[in-house]
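> How does the following fold in three dimensions:
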Amino acid sequence: MLSKDDTTALKGLALLMLLIHHLFYIQNGRFDDIAIYGNISLVNMTGQICKVCVALFVFLSGYGLAATYPAHCKIKFIEFFKKRFKKLYINYWLIWILFVPIGIIFAGRTFEQVYGHDIPIKFILDVMGIINLTGEYGYNPTWWFYSCITILYLLFPLITLGSQHRLLRFLMFLISIALVILPFHITFIEPIRYYLIAFLAGYFMYIIDLQDITPPHSDHPKTQLKHIFQRGVNGKLSKTEKIVLLSVLFFLMAVRFKLPYALGFDTLIALLIVLAYRNITPPTSITRFLGLCGKHSFNIFLFHTFLYYLYIPDIIYWSRNPIIIFITLLVFCLPISYLINRIRGILRFNIYNLYKQKAI
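Below you'll find the model as predicted:
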């Protein structure tokens with residue numbers, strides 16, 4: 001199975017893709033692009049491709065929850081939601097307290113500017129991380145992801161129940177595919193429209209990961225393909241199969257813009273990224289670096305937009321060189337995340353001591 005270090009490294013990779021996506025997915029005139037084949041902007045295109053990071057984050061969340069709460073175990077709903085949402089909101093509210101006042105006082109991004117009318121209601125929804133369920137973006141547009149992960153957490157106990165029945169498993173995947181391809185718009189479903197399928201894929205990959213690799217019972221192409229996929233999940237692909245896997249992955253990323261329902265294909269690309277990591281061991285130095293980024297991925301996801309977009313864009317983009325821009329943002333983000341962890345640790349220690357004194 002994917003170890004905790006593996007999933008942390010993959011979260012680090014997803015974080016790096018997130019930074020590339022946000023820095024370069026729009027040609028804002030702050031970076032120098034590279035033209036290839038006449039009219040293709042390489043940096044801008046790479047930034048758009050890295051949108052796959054969202055599907056990868058969601059995929060890993062599904063995998064991690066499946067590992068924590070096996071399908072045969074009965075989930076205690078109150079305990080589950082208390083633990084999940086406590087973990088989800090502690091960092092969120094701390095970064096709200098640390099970063100939003102700076103944006104109001106020094107960057108002029110006021111609540112009136114962000115919310116317009118109905119400030120109290122929209123403020124509460126934003127603080128709860130669910131404003132995107134109304135179709136709007138809050139103080140930090142990147143935080144739309146909280147609406148997505150909140151719905152998926154609420155659905156998770158139902159997914160575990162449904163996973164125990166073959167018909168319900170089929171129905172869940174059918175619904176997730178329908179959300180991607182059917183031309184309808186339901187505001188509160190939009191946050192998970194393209195990502196329920198990624199969550200399910202991560203969840204069921206863990207279940208497949210637990211299974212033994214059994215030789216195929218026939219030469220039927222479907223049986224052979226299922227066996228290859230099972231070996232891929234378990235990290236047992238042959239050298240030729242690894243080459244094919246990487247070729248398919250790079251091809252899909254290159255033609256992603258030409259595919260219908262491109263965001264729906266992000267789940268397949270995320271799955272192939274995980275399979276590639278599973279079967280092709282990166283050098284130790286790279287896995288350590290990705291692990292470091294993965295440990296800080298949640299913090300950096302929450303605050304990086306303030307740096308490159310609101311507070312110090314001139315410093316982040318000063319060089320106009322895409323590689324230097326990316327490194328500059330990362331160099332700012334890692335120490336800030338470390339300080340946030342220290343602050344959270346101090347607050348938790350003080351609250352614990354205060355509680356202990358009262359108990360005495």
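> The residue nearest in space to the middle of the chain and Arg109: what is the separation?
Nearest to the geometric centre of the chain sits Phe57, at 2.3 Å (CA atoms, centre = their mean). In this view, Phe57 and Arg109 are 26 Å apart by CB to CB, to the nearest Å. Every C-beta, even on glycine, is put in place using the N, C-alpha and C of the backbone.
> Trp143 now?
For Trp143 relative to Arg109 (CB to CB), the value is 14 Å.
> low-scoring stretches of the stretch 51-200 of the chain, by residue?
Counting by pLDDT under 70, the ranges of the stretch 51-200 of the chain that qualify are 71-73.
> what ranges do the helices span in it?
For the stretch 51-200 of the chain, applying DSSP state H, counting those that start in this stretch gives helices covering 52-68, 77-106, 111-115, 119-127, 144-162, 166-181, 196-210.
> Please find the angle between the direction vectors of the longest helix belonging to the chain and helix 77-106.
Longest helix in the chain, counting residues (DSSP state H): helix 322-359. Going by axes from the mean of the first three to the mean of the last three CA atoms, to 10 degrees, helix 322-359 is angled at 120 degrees with respect to helix 77-106.
> quick one: buried residues of the helix or strand Phe251 falls within?
Assessed by DSSP states H and E, Phe251 sits inside helix 239-255. Neighbour-count burial for helix 239-255 flags Leu245, Leu249, Leu252, Met253 (criterion: 16 or more other CB atoms under 10 Å).
> what does stretch 303-318 give?
Phe303, His304, Thr305, Phe306, Leu307, Tyr308, Tyr309, Leu310, Tyr311, Ile312, Ile316, Tyr317.
> and Tyr203, how many neighbours?
By other CB atoms under 10 Å, 25 other residues sit near Tyr203.
> wait, I meant Ala201
21.
> Provide a list of residues in contact with it.
If you count contacts by CB atoms under 8 Å, 6 or more residues apart in numbering, Ala201 has them with Phe59, Gly62, Thr267, Ala270, Leu271.
> Hmm, Phe204 and the last one touching each other?
No. Judged on CB atoms under 8 Å, Leu271 makes no contact with Phe204 at a distance of 10.4 Å.
> so what's the backbone phi/psi at Ile40?
Backbone torsions of Ile40, given as degrees, to the nearest 10, read phi -100, psi 120.
> Could you measure from it over to Gly29?
Look at Ile40 and Gly29: by CB to CB, they are 18 Å apart.
> Looking at the buried residues of helix 239-255, which is nearest Leu10?
Nearest to Leu10, judged by CB to CB, of those is Leu249 at 14.1 Å.
> The closest one - nearest residue in space that isn't next to it in sequence?
Spatially, and ignoring its direct neighbours in sequence, Leu249 is nearest to Leu272 (4.3 Å; CB to CB, 6 or more residues apart in numbering).
> May I see the buried residues of the helix or strand containing the one you found?
Secondary structure assignment for Leu272, by DSSP H and E: helix 262-279. Buried residues in helix 262-279, counted by 16+ other CB under 10 Å: 262-279.
> shouldn't Ile130 be in contact with Trp144?
No. With contact defined as CB under 8 Å, Ile130 does not reach Trp144; the gap is 9.8 Å.
> that older thread, would you mind giving the buried residues of helix 239-255 as JSON lines with distance to Leu225 and pLDDT added?
As requested, these are arranged in JSON lines below (distance: CB to CB, whole Å; pLDDT from 0 to 100):
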{"residue": "Leu245", "distance to Leu225": "13", "pLDDT": "92"}
{"residue": "Leu249", "distance to Leu225": "17", "pLDDT": "93"}
{"residue": "Leu252", "distance to Leu225": "17", "pLDDT": "91"}
{"residue": "Met253", "distance to Leu225": "22", "pLDDT": "91"}
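> buried sites along stretch 120-139?
So for stretch 120-139, counting by 16+ other CB under 10 Å, buried means 122-123, 125-133, 136, 138-139.
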